[in-house]
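*Asks:* Could you look at this predicted model? Sequence included:
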Amino acid sequence: MAANSIKIFTGNAHPELASLVAKRIGIDLAQATVKKFSNQETSVTIGESVRDEDVFIIQSGCGEINDNLMELLIMINACKAASARRITAVIPCFFYARQDKKDKSRAPITAKLTANMLTVAGANHIITMDLHASQIQGFFNIPVDNLYCELSMVNYIQSNIPQWKNAIIVSPDAGGAKRATSIADRLNLDFALIHKERKKANEVSRMVLVGDVRGKIAILVDDIADTCGTLGLAAKTLIENGAEKVYGIVVHGVLSGKAIQVINDSVIEKMVVTNTIPHDDKGVSVFRSYLQ
């Protein structure tokens, strides 16, 4: 596909990432105006022709989640109505990805609802990154490409963590075991798992370590860091069980609430996140390293 045969649009969720993508490809971002009316309705104006073009709309599920989702849906529909040939929604951090199953009575599967809305709006293809649950791909009846940050994590560990050969890869919960074991296998390192029990969402009551971290550099890997309570407690558990240092490497750094304070007050040596979510408003004290 020639670079001049595609158009890349962005909403207000993460324009910096869209600019980096366009720069890497060697084209300018397409013109679009995305704003709100005084009554808070979202207004979208596509500023150039997309007739018979391949359109990519980059919008991450972060910040004002519902506003950003509506921006994406309206932009997709606007491009569809303007006769775009193919519309790809690029969603680095998928909206409502953690609401992927019916874990209790009358619970909604909001990730499925999101998939339905994207399809009805007119998306032909979805590109996302490190889905919280891989079954979300099955919620769509259009192609979904789920990209992985695993190789970047491996490269970062080898390049930036001293004595990484004496490290152990740790998953802070059972759900991330597959990711952690895959990284451990690539690096030929051991793997450990932390079993956590929750009182309620975003609140961990107890952690149990499965594996031996004594004398090791523990590297916690996860897909999402939200309030960071899990990471903070996991790091404390690892140090209490004999780990020398603890590093945290996370794909989607949501970092909501008191997350920055939690990490800075924790025993984590260094916290590393990707740029699927913007962090300009989070402060710089936690970002001693930044994975791009």
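*Replies:* The structure has been received and is ready for your questions.
*Asks:* give me the beta-bridge partners of residue 249?
*Replies:* Residues in a beta bridge with residue 249, per DSSP bridges, are residue 221, residue 272.
*Asks:* right, and it touches residue 156 too?
*Replies:* Yes - with contact defined as Cβ atoms under 8 Å, residue 249 reaches residue 156; the gap is 6.8 Å. All C-beta spots, glycine's among them, are computed from the backbone N, C-alpha and C.
*Asks:* More neighbours: these two, which one.
*Replies:* Between residue 249 and residue 156, counting by other Cβ atoms under 10 Å, residue 249 is the more crowded of the two (26 against 21).
*Asks:* Spit out the contact partners of that one.
*Replies:* 153, 156-157, 219-222, 272-273, 291 (Cβ atoms under 8 Å, 6 or more residues apart in numbering).
*Asks:* And it, how far from residue 28?
*Replies:* Distance of residue 249 to residue 28, given as Cβ to Cβ, to the nearest Å: 33 Å.
*Asks:* For residue 228, the count of nearby residues, please.
*Replies:* Residues within reach of residue 228, counting by other Cβ under 10 Å, total 30.
*Asks:* residues touching it, list them.
*Replies:* So, once contact is read as Cβ under 8 Å, 6+ apart, residue 228 ends up touching 255, 259, 262-263, 266.
*Asks:* repeat that for 6 Å
*Replies:* Residues counted as contacts of residue 228 (Cβ atoms under 6 Å, 6 or more residues apart in numbering) are 259, 262-263.
*Asks:* try residue 262
*Replies:* Residue 262 sits next to 228, 232 when contact means Cβ under 6 Å, 6+ apart.
*Asks:* And what about it, helix, strand or coil?
*Replies:* Assigned with DSSP: H, G, I helix; E, B strand; the rest coil, residue 262 falls in the helix class.
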